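*Asks:* Build the 3D model from these lines:
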Amino acid sequence: APWLLIGGSLGVIKVVNCHTRGLEKEIVGHCNDINELRVHPSDPHLLLSASKDRSARLWSLKSGRCIAVFTGENGHLDQVLSVDFHLSGNLFASASMDHTIKIWDLKEEELAQRIAGAHETRKPGEKRIPSKIVQFPLFSTRKAHNNYIDCVRYIGDLLLSKSVENQVVLWKPRFPEITKMTSMPNNSVSKLVDFKIKGCDIWYIRFAVDPQFRFLATGNKHGEVHIWNIDRHGLRKGNTRPIKLFAMSGGTNGSSVKCGTCVRQVCFSYDSKAVVAVCDNATIWVWSREVDEGSDAESSESCSVRSGSTSLRSSPIHFLPMVREELKEELKEELKAVRPSRAIVPVHSESTVVKPIEKGSSKDSVSQSSPKADAKGHDDGYRSSPTETKTWALRKRARRKR
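*Replies:* Numbers count the residues shown, from 1 in each chain. Below is the predicted model of the structure:
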């Protein structure tokens, strides 16, 4: 059964079984907030976590062991905001608030042996194996961005990273010669493409890349989603202008529903035919990608976002509020049960008769038999109880004395 991995401000990773809808296990190790979780591309039981405690940790989901802790002397100097595995599974990149991106090697001999035996459960009486502390990254640079970096993703051997500088950068790391490292390397980078986006100058806005590495999508604080074509054909043509998707849809009775808040995170479906965005106002938006039946799905023309054969709808096909209507009705009923009921007495009784307003008469010529008529000459049909009327009169007198 698939597992759902959850991490938050308590520093605890919770594994939920999606089939039984129950808690499978809890993994404890971090001493502060968990900012991101990533699963190994070839071994789904290996988990990588980034935390506010300035460390990244590698876990075994089978045994619950912490295999390695990537921190220390030459590690990050501030909280780690994002991590991502290389497709080979032998490297991973980490981004931090200290403006650096580091690449860590998982092929080191001792660490590779620990990973190989990490899924074996500890036998009764067997001593606990301490986690390996890794202090020296394979690569480290501050030249990709000049501010804290909240998202990093691998695309082959290239890296995509985003800071609070209104742009996503595609760049290539230049590794030093393979030698035994005794100090943190400060290596250079080759910037390839800058994807500009407005309204992306606040932190924790995560971009996404589709599984085929053809599209890049990110949101902004204005409720927009920008999508670029990043395959080799699109970049060769120099097409760095995105298409915009607006979080807006038609509601009931002709009204329109708009996000109007920050789009914090976006994601592609496995077939890249749908884009999902999550907004600050607790709404989820889904857009569909249209492909002509006669087009070749593998051709470069059909892969292009701006081509005629493939396009993304400018309005979402689904609007999924996280608080459903039936839940709202239940909350309303609960509130009615909790709130004290007002004592109201119907006005229309045998002793009081409301006369209809005649045509041509002014609004003030309302029958005085109606004890509660509003300024427009309409009777609401109810009046307050004597106790409530007395309370209202006492409050009015107190205001006059003031």
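*Asks:* Count the neighbours of A393 for me.
*Replies:* Residues lying near A393 (other CB atoms under 10 Å) number 10. C-beta coordinates here come from the backbone N, C-alpha and C atoms, glycine included.
*Asks:* for it, helix, strand, or coil?
*Replies:* The three-state assignment at A393 reads helix, by DSSP: H, G, I helix; E, B strand; the rest coil.
*Asks:* List the residues that contact it.
*Replies:* Contact analysis of A393 by CB atoms under 8 Å, 6 or more residues apart in numbering lists nothing.
*Asks:* Do you know the pLDDT at it?
*Replies:* Predicted confidence (pLDDT) for A393: 71.
*Asks:* Where in the chain is the helix or strand with the lowest mean pLDDT?
*Replies:* Lowest by mean pLDDT, DSSP states H and E among the helices and strands of the chain is helix 300-303, with a mean of 32.
*Asks:* Mind listing what's buried along stretch 5-18?
*Replies:* 5, 7, 11, 13-16 (16 or more other CB atoms under 10 Å).
*Asks:* for stretch 16-36, that is, sorry about that
*Replies:* 16, 27, 29-30, 34-36.
*Asks:* Stretch 212-222 now?
*Replies:* Buried residues in stretch 212-222, counted by 16+ other CB under 10 Å: 213-222.
*Asks:* likewise stretch 39-59?
*Replies:* For stretch 39-59, burial by neighbour count (16+ other CB under 10 Å) applies to 40, 43, 46-59.
*Asks:* so where does the nearest residue to C262 once chain neighbours are set aside fall, helix or strand?
*Replies:* Of all residues not flanking C262 in the chain, K221 sits nearest, at 4.3 Å (CB to CB, 6 or more residues apart in numbering). Per DSSP states H and E: K221 is located in neither a helix nor a strand.
*Asks:* R400 too?
*Replies:* Here R400 sits within helix 386-401, counting by DSSP H and E.
*Asks:* circling back to that earlier point, any idea which of the buried residues of stretch 5-18 is closest to Y270?
*Replies:* Nearest to Y270 out of those is L5 (CB to CB; 17.6 Å).
*Asks:* how about the closest residue to the closest one other than its chain neighbours, what does it touch?
*Replies:* Spatial nearest neighbour of L5, excluding adjacent residues (CB to CB, 6+ apart): L37 at 5.1 Å. For L37, the contact set (CB under 8 Å, 6+ apart) comprises 5, 7, 13, 47-50.
*Asks:* Is it correct that L37 falls within a strand?
*Replies:* Yes: L37 forms part of a strand when assessed by three-state DSSP.
*Asks:* Run through the bridge partners of it.
*Replies:* Beta-bridge partners of L37, counted by DSSP bridges, are S49.
*Asks:* gap between it and P211?
*Replies:* Distance of L37 to P211, given as CB to CB, to the nearest Å: 18 Å.
*Asks:* so what strands line up beside the helix or strand encompassing L159?
*Replies:* Assigned by DSSP H and E, L159 falls within strand 158-163. Next to strand 158-163 in the sheet, as set by DSSP bridges, lie strand 149-155 (antiparallel), strand 167-173 (antiparallel).
*Asks:* circling back to that earlier point, list the ones among the buried residues of stretch 16-36 that fall in strands.
*Replies:* Counting by DSSP state E, the buried residues of stretch 16-36 place 16, 27, 34-36 in strands.
*Asks:* Please identify which of these is nearest to W287.
*Replies:* Set against W287, the nearest of those by CB to CB is E36 (24.0 Å).
*Asks:* Next, the contact list for that closest one, please.
*Replies:* E36 sits next to 7, 49-50, 81-83 when contact means CB under 8 Å, 6+ apart.
*Asks:* Can you add distance to D157 and pLDDT and give those back as TSV?
*Replies:* Below are these laid out as TSV (distance: CB to CB, whole Å; pLDDT from 0 to 100):
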residue	distance to D157	pLDDT
G7	28	93
S49	24	96
A50	21	96
L81	22	95
S82	18	96
V83	17	96
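*Asks:* Let me see the contact set for I103.
*Replies:* I103 is in contact with 91-94, 137-140, 173, counting by CB under 8 Å, 6+ apart.
*Asks:* Give me the below-cutoff pLDDT ranges for the chain.
*Replies:* 1, 176-187, 232-240, 247-257, 290-392, 399, 401-402 (pLDDT under 70).
*Asks:* if we go to 80?
*Replies:* The chain contains residues with pLDDT under 80 at 1, 122-128, 175-187, 231-241, 246-260, 289-402.
*Asks:* So which residues of it form helices?
*Replies:* With DSSP state H as the criterion, the chain has helices at 109-116, 232-236, 300-303, 325-338, 386-401.
*Asks:* where exactly do the strands run in the stretch 1-150 of the chain?
*Replies:* With DSSP state E, counting those that start in this stretch applied, the stretch 1-150 of the chain shows strands at 3-7, 12-17, 22-28, 34-39, 46-51, 56-60, 66-70, 80-85, 91-96, 101-105, 132-134, 139-141, 149-155, listed in chain order.
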